[in-house]
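sequence-free structure coming up:
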């Protein structure tokens, strides 16, 4: 049975998750509060930040499988979406959901294509280049830490095999869209393992990522998008 119309399609959720992921390198370098506990948090955040920067230089491409578990008061039971993905840097991304329905998402610098239906013949084209560059610039320039302190409260912790960061928005423009975002990175490679987005719409999506290949040569056809 198709999900209720009030529940976003998996493609919509994945686009939001994609942009949240693009923000991760800047977001993890936030600081919160003051005092001994805050200083300890800051030290951990710096360790994570350095690890993420190293991973970005070391791993240029990656592919794997992704599972989204979505819950909402409007759903009788959670929805589970499964697919596979490939990414090249922070400008190219391809994902294909195989269940519960085929959906293909491709992001290439300025455009996102979301294709649905038999043979993925129906394609929605969204121009996002300006918004992506604006977001990345906002969280990567000299004043990025000040921007983050102003807009988010971020807590980092060492959770055994992963580093976990919880981002709670301060600013109204972020509060209007999400309650919080939780990012989990592998301690051995600082790559994304899990991303949770709790939205104001009442939908909670948890994306579990399993990376299967790194630094492989990926055909440009994988990231080919329609540009009107």
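In hand now; what should we look at? Please read all numbers here as calculations on a predicted model, not as lab measurements.

which one is residue 101 nearest to, not counting chain neighbours?
Nearest in space to residue 101, with sequence neighbours left out and distances taken as Cβ to Cβ, 6 or more residues apart in numbering, is residue 116 at 7.4 Å. All C-beta atoms are positioned from the backbone trio N, CA, C, and that covers glycine.

ok, residue 168 to residue 151 distance?
From residue 168 across to residue 151, the span is 10 Å (Cβ to Cβ, to the nearest Å).

the more surrounded of the two?
residue 151 (20 against 17; other Cβ atoms under 10 Å).

any idea how far the more buried one lies from residue 161?
Counting by Cβ to Cβ, the gap from residue 151 to residue 161 is 29 Å.

what's the helix or strand for residue 181?
strand 178-186 (DSSP states H and E).

orientation of whichever helix or strand comes after that strand relative to strand 178-186 in degrees?
Next along the chain after strand 178-186, taking DSSP H and E as the criterion, comes strand 192-199. Angle, strand 192-199 to strand 178-186, by axes from the mean of the first three to the mean of the last three Cα atoms, to 10 degrees: 170 degrees.

run the chain-centre distance for strand 192-199.
7 Å (Cα atoms, centre = their mean, to the nearest Å).

check which residues of whichever helix or strand comes after that strand are buried.
Remark: after strand 192-199, the chain's next helix or strand is strand 204-214, criterion DSSP H and E. Residues of strand 204-214 classed as buried: 204-209, 211 (neighbour count, 16 or more other Cβ atoms under 10 Å).

for strand 204-214, name the packing helices and strands.
helix 10-27, strand 61-71, strand 192-199 (3 or more Cβ pairs under 8 Å, 6 or more residues apart in numbering; DSSP states H and E).

go again with 6 Å.
strand 61-71, strand 192-199 (3 or more Cβ pairs under 6 Å, 6 or more residues apart in numbering; DSSP states H and E).

determine which stretch of these is the most buried.
Stretch with highest mean neighbour count among the helices and strands packed on strand 204-214: strand 192-199 (a mean of 20; mean count of other Cβ atoms under 10 Å).

got the angle for that strand vs strand 61-71?
Going by the same axes, to 10 degrees, strand 192-199 makes 40 degrees with strand 61-71.

what about the chain, any weak spots by pLDDT?
For the chain, applying pLDDT under 70 flags the ranges 1-36, 118-122, 129-149.

related to what we said a few turns ago, list just the nearest of the buried residues of strand 204-214 to residue 185.
The nearest member of the buried residues of strand 204-214 to residue 185, counting by Cβ to Cβ, is residue 209 at 10.3 Å.

residue contacts, the closest one?
66, 192-193 (Cβ atoms under 6 Å, 6 or more residues apart in numbering).

name the helices or strands packed onto the helix or strand harbouring residue 96?
Per DSSP H and E: residue 96 is located in strand 92-99. Helices and strands touching strand 92-99, by 3+ Cβ pairs under 6 Å, 6+ apart, are strand 79-88, strand 103-108.

state the distance from the spatially closest residue to residue 203 that is not a sequence neighbour to residue 212.
In space, and not counting its chain neighbours, residue 203 is closest to residue 72: 4.8 Å by Cβ to Cβ, 6+ apart. Separation of residue 72 from residue 212 (Cβ to Cβ): 30 Å.

repeat for residue 63
6 Å.

now do residue 177
Counting by Cβ to Cβ - residue 177 and residue 212 are separated by 31 Å.
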